[in-house]
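1. I need the structure of the sequence given here:
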Amino acid sequence: MEQTLREIFELVREVRHDLNGPLTSALGNVQLLLEDPALSDPEVKAALRDVESDLRRLAAMVRRLSDVRDPDADARPADIG
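-> Numbers count the residues shown, from 1 in each chain. Model (predicted):
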């Protein structure tokens, strides 16, 4: 069971890391588009706001993955170096 917990933690850590970069990039690009004065079509802006909202929701879920605790964290000595 301990090995399974370790594998789950590693998978969560990798997923968190791999999703965070593209989410941050996509959210930043959507925000830049929304600030562009040349973008005046209200339907496009509404669609971009929907995308922004969904990206924020996904980013919050990825942040919650940080709450997953390393099963070995309590067993390791603290790094005080």
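
2. now residue 37: which helix or strand?
-> Here residue 37 sits in a region with no helix or strand, counting by DSSP states H and E.

3. any idea how far it lies from residue 64?
-> Going from residue 37 to residue 64 by Cβ to Cβ, to the nearest Å gives 35 Å. All C-beta spots, glycine's among them, are computed from the backbone N, C-alpha and C.

4. who's more crowded, those two?
-> residue 64 (10 against 5; other Cβ atoms under 10 Å).

5. so which strand or helix has the more buried one?
-> helix 42-64.

6. buried residues in that helix?
-> 48, 51, 52, 55, 59, 62 (16 or more other Cβ atoms under 10 Å).

7. quick one: mean pLDDT over it.
-> Helix 42-64 carries an average pLDDT of 96.

8. ok, residues contacting it?
-> Contacts with helix 42-64, where a contact means Cβ atoms under 8 Å, 6 or more residues apart in numbering, come from 15-16, 19-20, 23-24, 26-27, 30-31, 33-34, 39.
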